[in-house]
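# 3D, please:
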Amino acid sequence: MSNELIFGFHSVEAILSKEPERFLEIYALKGREDKRLNDVINQARKFGISIQFMQRKALDDKAKGEQHQGIIANVRAGKQYSEKDLDDIIKREQTPFLLVLDGITDPHNLGACLRSADAAGVHAVVVPKDKSARLNATARKVACGAAETVPLVQVTNLARTLREIKDAGVWVVGTAGETDTTLFEANLTGPIAIVMGAEGDGMRRLTREHCDVLVKIPMVGTVSSLNVSVATGISLFEVLRQRA
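I've put the predicted structure just below:
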């Protein structure tokens, strides 16, 4: 299993609380004295994790331009979720709530979508293996710990996965600007998968064809579209509002 570097407090704290056995070593800023860093270091030491204190220049070099907040960790790669895991999640949850991202290639957007998904109670985020951002250190940092709590399921054939999701009784709702039905008019209370497409291009043709219904976020200003992570947050929390 490969290793990876993670940056910042949210990512380190999330893995430390859930999977401390993944840690190989923590690199912390030498001379920094504050409660948050000390709490992380003390917790890591309880698990026998090696701590290496480094000067800022050495830490910056290790981060290679990433914002690290004075803490970096070398960890074993986390669980890779597959179509089989998605099937298990759908069967396990009484009212499955899924987010499907089609063609989201910016890791900042992926991280922001994961963060919103965690906050809204999404059970899994589904992405195609091709034409999709990787769950790298940037995405993890933007996700603020959500990358460690929300399963990210990579699928080989997104259209086939959507068919299987529908066969399992999940209503697939795609977002598109050209439909007349708004997000707030749709019934989003049952088992549901919200599908978001790439900014500009939107969903791919096959993805769109496998949606049960298309909805749009009503726009009343001069801008024609929203950032995909913003649109995702609006859509997910409308599901949460209707379910509540």
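# so what strands line up beside the helix or strand where Val75 lies?
For Val75, the host element (DSSP states H and E) is strand 71-76. The pairing partners recorded for strand 71-76 under DSSP bridges are strand 3-7 (antiparallel), strand 23-29 (antiparallel).
# where do the helices of this protein begin and end?
With DSSP state H as the criterion, the chain has helices at 9-18, 35-46, 56-63, 83-92, 107-120, 137-143, 158-167, 205-209, 228-243.
# ok, now how distant is the residue sitting nearest the centre point of the chain from Ile234?
Against the mean C-alpha coordinate of the chain, by Cα atoms, centre = their mean, the closest residue is Leu114 at 2.4 Å. Separation of Leu114 from Ile234 (Cβ to Cβ, to the nearest Å): 16 Å. All C-beta atoms are positioned from the backbone trio N, CA, C, and that covers glycine.
# got it, and Lys166?
Using Cβ to Cβ, Lys166 is found at 24 Å from Ile234.
# on that earlier part again, for the residue nearest to the centre of the chain, list the residues it contacts.
125, 139, 142-143, 146-147, 150, 152 (Cβ atoms under 8 Å, 6 or more residues apart in numbering).
# kindly recompute the last result at 7 Å.
Going by Cβ atoms under 7 Å, 6 or more residues apart in numbering, Leu114 touches 125, 143, 146-147, 150.
# now those as JSON lines including pLDDT?
Formatted as JSON lines, these follow (pLDDT from 0 to 100):
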{"residue": "Val125", "pLDDT": "98"}
{"residue": "Ala143", "pLDDT": "92"}
{"residue": "Ala146", "pLDDT": "91"}
{"residue": "Ala147", "pLDDT": "90"}
{"residue": "Val150", "pLDDT": "95"}
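# next step: those restricted to strands.
For these, membership in strands holds for Val125, with DSSP state E as the criterion.
# export the contacts of Leu114 to a markdown table and tack on neighbour count and distance to Gly197?
Listed next are the contacts of Leu114 as a markdown table, based on neighbours: other Cβ atoms under 10 Å; distance: Cβ to Cβ, whole Å:
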| residue | neighbour count | distance to Gly197 |
| --- | --- | --- |
| Val125 | 26 | 14 |
| Ala143 | 28 | 20 |
| Ala146 | 25 | 21 |
| Ala147 | 28 | 21 |
| Val150 | 24 | 20 |
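# make CSV from the contacts of Leu114 and add distance to Lys216 to it.
Formatted as CSV, the contacts of Leu114 follow (distance: Cβ to Cβ, whole Å):
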residue, distance to Lys216
Val125, 21
Ala143, 26
Ala146, 26
Ala147, 29
Val150, 25
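# I appreciate the help and will end here.
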